[in-house]
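A.B. asks: Let me see the structure of the following:
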Amino acid sequence: MLGLGPARPVGLGQLAQLGIAPPENYGSHVWGGNKVLWALSTEVHGPALIRGHQLDGDGEVRFDEGDVPSLEKVLDPSGKAPLAGGWYDFPGATRVRQPGCYGYQIDTEAGTTFVVFEAI
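C.D. replies: Modelled structure (predicted):
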């Protein structure tokens, strides 16, 4: 898991890198990306809101499938059983249009945390 907050991306590795797969893999013409599993601590009792933006340019971060993916991802633990170890899991994808340095903003009831990653 990457970061220190109660909601964290999994699968970006210790170098915090997201390999950009072609847009066609996600049913899009311009939005590439890759799978990212999200973990949410069982200490969080409400949803987490995730948004993002390119830090070294004007690119956006989008989420999950489709030609024009969603601007945000919501991790809602309501009615979901946690995994052993005290975390909920939420599969998904992070979508970008170009390589660069990006950041996630993760908002929960406990506050806001940030995670920086490189899309390559």
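
A.B. asks: okay, the residue lying closest to Lys80 once chain neighbours are set aside: pLDDT?
C.D. replies: Counting by Cβ to Cβ, 6 or more residues apart in numbering, Tyr88 is the residue found nearest to Lys80 once chain neighbours are left out, at 5.4 Å. (Glycine included, C-beta is placed from N, CA and C.) The predicted structure scores Tyr88 at 96 on the pLDDT scale.

A.B. asks: Is Tyr88 bridged to anything, and to what?
C.D. replies: When bridges are assigned using DSSP bridges, the partners listed for Tyr88 are Leu40.

A.B. asks: what's near enough to touch Val96?
C.D. replies: For Val96, the contact set (Cβ atoms under 8 Å, 6 or more residues apart in numbering) comprises 18, 20, 31-33, 54, 59-62, 102, 119.

A.B. asks: Ok, Phe63 next?
C.D. replies: Applying Cβ under 8 Å, 6+ apart, the residues contacting Phe63 are 50, 69-73, 92-95.

A.B. asks: Gly111 now?
C.D. replies: Gly5.

A.B. asks: Then Leu40?
C.D. replies: Residues in contact with Leu40 (Cβ under 8 Å, 6+ apart) are 6-7, 48, 75, 77, 87-90.

A.B. asks: so how far is Gly66 from it?
C.D. replies: Relative to Gly66, Leu40 is positioned 23 Å away (criterion: Cβ to Cβ, to the nearest Å).

A.B. asks: again, but for Ile106
C.D. replies: Computed with Cβ to Cβ, the distance linking Ile106 and Gly66 is 22 Å.

A.B. asks: Just want to know which of the two has more residues nearby.
C.D. replies: Taking other Cβ atoms under 10 Å, Ile106 and Gly66 do not tie; Ile106 has more neighbours (26 against 14).

A.B. asks: Double-check that Phe68 belongs to a strand.
C.D. replies: That one is not Phe; residue 68 is Val. No: with DSSP: H, G, I helix; E, B strand; the rest coil as the criterion, Val68 is coil rather than part of a strand.
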